[in-house]
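>>> Take a look and give me a structure for this.
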Amino acid sequence: QVQLVESGGGLVQAGDSLRLSCAASGRTSSSYVMGWFRQAPGKEREFVAAKDWGGGRTAYADSVKGRFTISRDNAKNTVYLQMNSLKPEDTAVYFCAHAPFFSIRASNYQYWGQGTQVTVAS
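Got it, this is the predicted structure:
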């Protein structure tokens, strides 16, 4: 079992920045993938970013490339999502998730956090 706890969401203005954190605990292995997904009201959950814990492989959704950065702190078992130049369309509940292999598909992620709300006002 893996537990994931997100933090860092909030209400910001368009153009502002936020940093989300996700702390992992439990039966994490030395090679796993952490991903960020988001879900806006009335929409399906969509991929945002993923990072391979061991090899450094990274992927981003086209909609966030150049604005969002996923990073990790191995010592703290924590993954971050730095979000810059936020837009109203970034408004959603953001979830972190844990997968045993690299993927951008939500169905391949086994463990999920509770989500944190990000609201970007125009």
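
>>> use CA for all of it now, contacts and neighbours both
Fine.

>>> What is the three-state secondary structure of residue 51?
In three-state terms, and counting by DSSP: H, G, I helix; E, B strand; the rest coil, residue 51 is strand.

>>> Would you state the strands of the protein in chain order?
Assigned by DSSP state E, the strands in the chain fall at 2-7, 10-13, 18-26, 33-39, 46-52, 58-60, 68-73, 78-83, 92-99, 111-112, 116-121.

>>> Quickly run through the sheet partners of the second one, with directions.
Sheet partners assigned to strand 10-13 using DSSP bridges are listed as strand 116-121 (parallel).

>>> How about the first one?
Taking DSSP bridges as the criterion, strand 2-7 sits next to strand 18-26 (antiparallel) in its sheet.

>>> so where's the protein uncertain?
Per-residue confidence of the chain (counting by pLDDT under 70) places the weak regions at 28-31, 55.

>>> ok, residue 9 - contacts?
Applying C-alpha atoms under 8 Å, 6 or more residues apart in numbering, one finds that residue 9 lies in contact with 18-20, 116-119.

>>> let's go with 6 Å and repeat that
Taking C-alpha atoms under 6 Å, 6 or more residues apart in numbering as the criterion, residue 9 is in contact with 116-118.

>>> likewise residue 86?
When contacts are counted by C-alpha under 6 Å, 6+ apart, residue 86 touches 14-16.

>>> Just name the closest of the contacts of residue 9 to residue 64, please.
Taking C-alpha to C-alpha as the measure, residue 118 is the one of the contacts of residue 9 closest to residue 64, at 14.3 Å.

>>> Quick check: that closest one vs residue 71, distance?
Taking C-alpha to C-alpha, to the nearest Å as the criterion, residue 118 is separated from residue 71 by 19 Å.

>>> Same check on residue 99?
16 Å.

>>> Might you report the residue contacts of the spatially most central residue of the chain?
The structure's the chain has its C-alpha centroid closest to residue 36; by C-alpha atoms, centre = their mean the separation is 2.3 Å. Shown here is residue 36, whose contacts under the criterion C-alpha under 6 Å, 6+ apart are 48-49, 95-96.
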